[in-house]
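Chemist: Next comes the sequence, and after it the predicted model I'd like to discuss.
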Amino acid sequence: MNTLFDKIWDAHVVDTIAGGQQIFYIDRHLIHEVTSPQAFDGLRKRGIPLAHKERIVATADHNVPTINQDQPIGEPLSRKQVMMLTTNCDEFGVELYGLGHPYQGIVHVIGPELGITRPGITMVCGDSHTSTHGAFGAIAFGIGTSQVEQVMATQCLLLKKPKKMRISVDGDLQAGVTAKDVILYIISQIGTGGGTGYFVEYAGSAIRGLSMEGRMTVCNMSIEMGARGGMIAPDQTTFDYLEGREFSPKGQAWDDAVAYWKSLPTDEGAIFDKELNFRAEDIQPMVTYGTNPGMGMGVTERIPVESKIHGAAGLDKAMKYMGLQKGQPLEGMDISHVFIGSCTNSRIEDLREVVRLVGDKKVADSVTAIVVPGSQQVAKQAITEGLAEKLEAAGFEFRQAGCSACLGMNEDKIPAGKYCVSTSNRNFEGRQGPGARTILASPLTAAAAAVSGKVVDVRKF
Amino acid sequence: MKPFKTLTSTAVPLPIEDVDTDQIIPARFLKATTREGFGENLFRDWRYDKLNHPKEDFVLNNPRYSGDILVAGANFGCGSSREHAAWAIDDYGFRVVISSYFADIFRGNALNNGILPLIVTPEVLDEIFKTIEADANAKFTVDLEAQTLTNQSSGTVTSFEIDEYKKTCLLNGYDDIDFLLSQKDKIVAFEGSRVEH
Ligand code: SF4
């Protein structure tokens, strides 16, 4: 009796060495401009080639502008970093979906939409949100640049097998409650360190009921509770999503793959090191009030006066940064910025939901709202479906693909002191720009905030 | 990678929990394409105000505290996988970070850069903070071979756990990559024997 995680992990162990460290084989490696240059440099210094260039896919996402992508990047350091990715990929023969390429986009959006991500594989990227790809029933996790170099050089990592946790969410989600609310709720319950040392499998009827986009949103934020990664067993929803994608297996290979994928789900009675259970009915639309993703609450609740998972000092520090008071509600509070994007919520389904919710309404005059599609393909589809046009008519800016204001690295930043309702994954101090104040929420809650100019309960919207 | 064996030093206290890598090194400083020079931006937004003046209330700007050991609250290094955080800590001059636990990716990145992430119980961590608060010149000795942390003020000796393999790497300054490259034959044999789906 094995878990989904065990089955995939054990199939990728090349060897176990003294002390329990294992040589672990990596099937797919995604790279981007920020965490790869030093790794390529390392290879050059050692004078060694890539072990398997065909297992690597590169894109530029973190440090790119989201307007005028056809023109050279204005900021010299950013331009240099993005150009260096191109030079490195040329030199080492890596497939690059760079700016202007129809497949360019946030690494964690393009992997799944191209069918590069699939069940049963191991996948890494020098980026913590690689956990996203676990939604397909893959072992996917973020690594540091030294490890990027290790995988480039040997296709392997040296790892100790993490412990296993299962988080089950059973029951029916209320109307207006999305995958993003589910994961923000879980993190608010167990804290940013609650998953440290574990690989998480999400299960239960509420998880099974999610679309692939929703599952990706849940797995994406596994890292925000400290987990090494998150995963969900592949099922018909997974197969339907993957069938016919660019790099998905075709013909007989597809049938063989599906047969194998069906063998992957956790066996009945398999043992986890830890099990947590939540009820879908308990979950409200969520908002964060503090400076880490664990500081979240139902939109109608008040900021806690004391917290069982955050030390008093941490909560005080967060309140000071956020300009908020313990015990105060967020519902009804004015906000000035809305960011809909990031590898958590920038997929076509997210954009459709936003358009559906906004309807004929307009973005409030007091609000600057940007929608940043996760990839060129999402952007193209949004244009074809008429979503982009509707968003612009409602007063949203519809941008080009990239990480954008998720991380305060490229040109897109939220000004100091401003409140931004954001569909991204991190509300750390300065994450969206020095002094910026982030309120994490679902695309529905963000869209409702854009229209109202306030934090609102989307169920009453 | 530089080897790490023993160290005796004063320590810098940062009694804040959940210090994320966006604080250790904000994203706007990740545009560099080498590993050097990140130390000057370590804890940038806690260390300097908008006009780039040092903030007096931040510990790195407090002349009372210095040393090669950083002592931090629980869950140090959470968030982004950026190894730049480890490079910044190293470049600033810290060789050891003590906490009650570390985020997994940060811990790995530290070890890959010759920085020892030293895990103690919450009680010991608390005692260390108290010792430094009482005397900023209090010294601590880290002995990796013996896996001990000695509080020179109180004389308390605490042992700490570290993976055997990682310990050998640190003591000798070996990278994982050297080891993995030496295992190429096994990896190639594995590739030949497996059926990929
Ligand atoms: S969208 Fe944000 S979290 Fe996702 S990969 Fe880009 S910077 Fe990281």
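Modeler: Yep, that arrived. Numbers count the residues shown, from 1 in each chain, chains lettered A, B, ... in the order given.

Chemist: Which other helices and strands does the helix ranked longest in chain B contact?
Modeler: In chain B, taking DSSP state H as the definition, the longest helix is helix B:122-134. Here helix B:122-134 touches strand B:11-14, strand B:69-72, strand B:96-99, strand B:148-151, going by 3 or more CB pairs under 8 Å, 6 or more residues apart in numbering or on different chains; DSSP states H and E. The way it works is simple: take the backbone N, C-alpha and C, and place the C-beta from them, glycine included.

Chemist: Contacts for that helix next, please.
Modeler: Helix B:122-134 has contacts (CB atoms under 8 Å, 6 or more residues apart in numbering or on different chains) with B:10-11, B:13, B:15, B:65, B:71, B:73-74, B:98-100, B:120, B:138, B:140, B:149, B:151, B:153-154, B:156, B:158.

Chemist: try it again with 6 Å
Modeler: Identification of contacts with helix B:122-134 by CB atoms under 6 Å, 6 or more residues apart in numbering or on different chains yields B:11, B:13, B:15, B:71, B:100, B:138, B:151, B:153, B:158.

Chemist: if I look at B:D91, how far off is chain A?
Modeler: 13 Å (CB to the nearest CB, to the nearest Å).

Chemist: On the three-state scheme, that residue is what?
Modeler: helix (DSSP: H, G, I helix; E, B strand; the rest coil).

Chemist: roughly how far apart are it and B:R35?
Modeler: Counting by CB to CB, to the nearest Å, the separation of B:D91 from B:R35 is 8 Å.

Chemist: With A:G126 instead?
Modeler: 13 Å.

Chemist: neighbour count winner among these two?
Modeler: Neighbour count, other CB atoms under 10 Å in any protein chain shown: between A:G126 and B:R35, A:G126 has more, with 29 against 20.

Chemist: For that one, give me its contacts.
Modeler: By CB under 6 Å, 6+ apart, the neighbours of A:G126 are A:35, A:143, A:145, A:148.

Chemist: Kindly recompute the last result at 10 Å.
Modeler: By CB atoms under 10 Å, 6 or more residues apart in numbering or on different chains, the contact set of A:G126 is A:29-32, A:34-36, A:38-39, A:107, A:142-149, A:151, B:80-83, B:105.

Chemist: what's it sitting at in phi/psi?
Modeler: phi -70, psi 60 (degrees, to the nearest 10).

Chemist: now do A:D127
Modeler: Note on A:D127: its backbone torsions stand at phi -170, psi 130 [degrees, to the nearest 10].

Chemist: Any idea how many residues pack against it?
Modeler: A count of neighbours around A:D127, defined by other CB under 10 Å, yields 28.

Chemist: The one 4 residues further on now?
Modeler: For A:S131, the number of neighbouring residues by other CB under 10 Å comes to 30.

Chemist: I'd say it and A:M221 touch.
Modeler: Yes - contact criterion CB atoms under 10 Å: A:S131 and A:M221 qualify, at 7.8 Å.

Chemist: list residues touching both of the two?
Modeler: Counting by CB under 10 Å, 6+ apart, the shared contacts of A:S131 and A:M221 are A:227, A:230, A:343.

Chemist: How about the first one: what's its closest non-neighbour residue?
Modeler: Nearest in space to A:A227, with sequence neighbours left out and distances taken as CB to CB, 6 or more residues apart in numbering or on different chains, is A:G195 at 3.1 Å.

Chemist: I'd like to know how far the one you found sits from A:G294.
Modeler: To A:G294, A:G195 is 11 Å away according to CB to CB.

Chemist: Which residues are in contact with each of those two?
Modeler: Shared contacts of A:G195 and A:G294 (CB under 10 Å, 6+ apart): A:186-187, A:224-226.

Chemist: residue ranges for the strands of chain B, please.
Modeler: Listed in chain order, the strands of chain B (DSSP state E) span B:6-9, B:11-14, B:69-72, B:96-99, B:116-119, B:140-143, B:148-151, B:157-159.

Chemist: On the three-state scheme, the residue nearest to A:A227 is what?
Modeler: Under the three-state scheme (three-state DSSP), A:G195 adopts coil.

Chemist: I'd assumed A:Y202 was in contact with it.
Modeler: No - contact criterion CB under 10 Å: A:G195 and A:Y202 do not qualify, at 11.3 Å.

Chemist: Mind listing the shared neighbours of these two?
Modeler: A:165, A:167, A:186, A:222, A:230.
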